[in-house]
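**Q** model the following, please.
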Amino acid sequence: MAADRGRRIAAIVLIVMLLLPLPATVLPGSPTAIRVAGVPLLWWYAALIAPLTAAVAVLLARGLR
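**A** As a prediction, the model looks like this:
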């Protein structure tokens, strides 16, 4: 039971991480064009935040088994 729950949570987190940038690109004021350290926020999300969150979700899902 715990393994199924962990996998379900990990799958939901991964799907949300994939879908999150889509609505951000159409928000008024273009929040994805904001730059942090000279690099667009969308790049930080794609290169750092989403992969780290996905890795943590998978590790937590494996830990719940």
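**Q** longest helix in the protein, by residue count?
**A** Taking DSSP state H as the criterion, the chain has its longest helix at helix 2-19.
**Q** can you list the weak-confidence ranges in the chain?
**A** Scanning the chain for pLDDT under 70 picks out 1-3, 64-65.
**Q** that older thread, C-alpha coordinates for the longest helix of the chain, CSV please?
**A** Coordinates of each C-alpha in helix 2-19 appear next as CSV, following Å, rounded to 0.1, in the frame of the first residue of the first chain:
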residue,chain,number,x,y,z
ALA,A,2,2.7,2.5,0.9
ALA,A,3,4.6,1.8,-2.3
ASP,A,4,1.5,2.5,-4.4
ARG,A,5,0.9,5.7,-2.5
GLY,A,6,4.5,6.9,-2.9
ARG,A,7,4.4,6.1,-6.7
ARG,A,8,1.2,8.0,-7.0
ILE,A,9,2.5,11.1,-5.2
ALA,A,10,5.7,11.0,-7.3
ALA,A,11,3.7,10.7,-10.5
ILE,A,12,1.6,13.7,-9.6
VAL,A,13,4.6,15.8,-8.7
LEU,A,14,6.3,14.9,-12.0
ILE,A,15,3.2,15.8,-14.0
VAL,A,16,2.8,19.1,-12.2
MET,A,17,6.4,19.9,-12.8
LEU,A,18,6.0,19.3,-16.5
LEU,A,19,2.8,21.3,-16.8
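**Q** burial count for residue 55?
**A** For residue 55, the count of nearby residues is 10 (other C-beta atoms under 10 Å). Heads up, the C-betas are built off the backbone N, CA and C, glycines and all.
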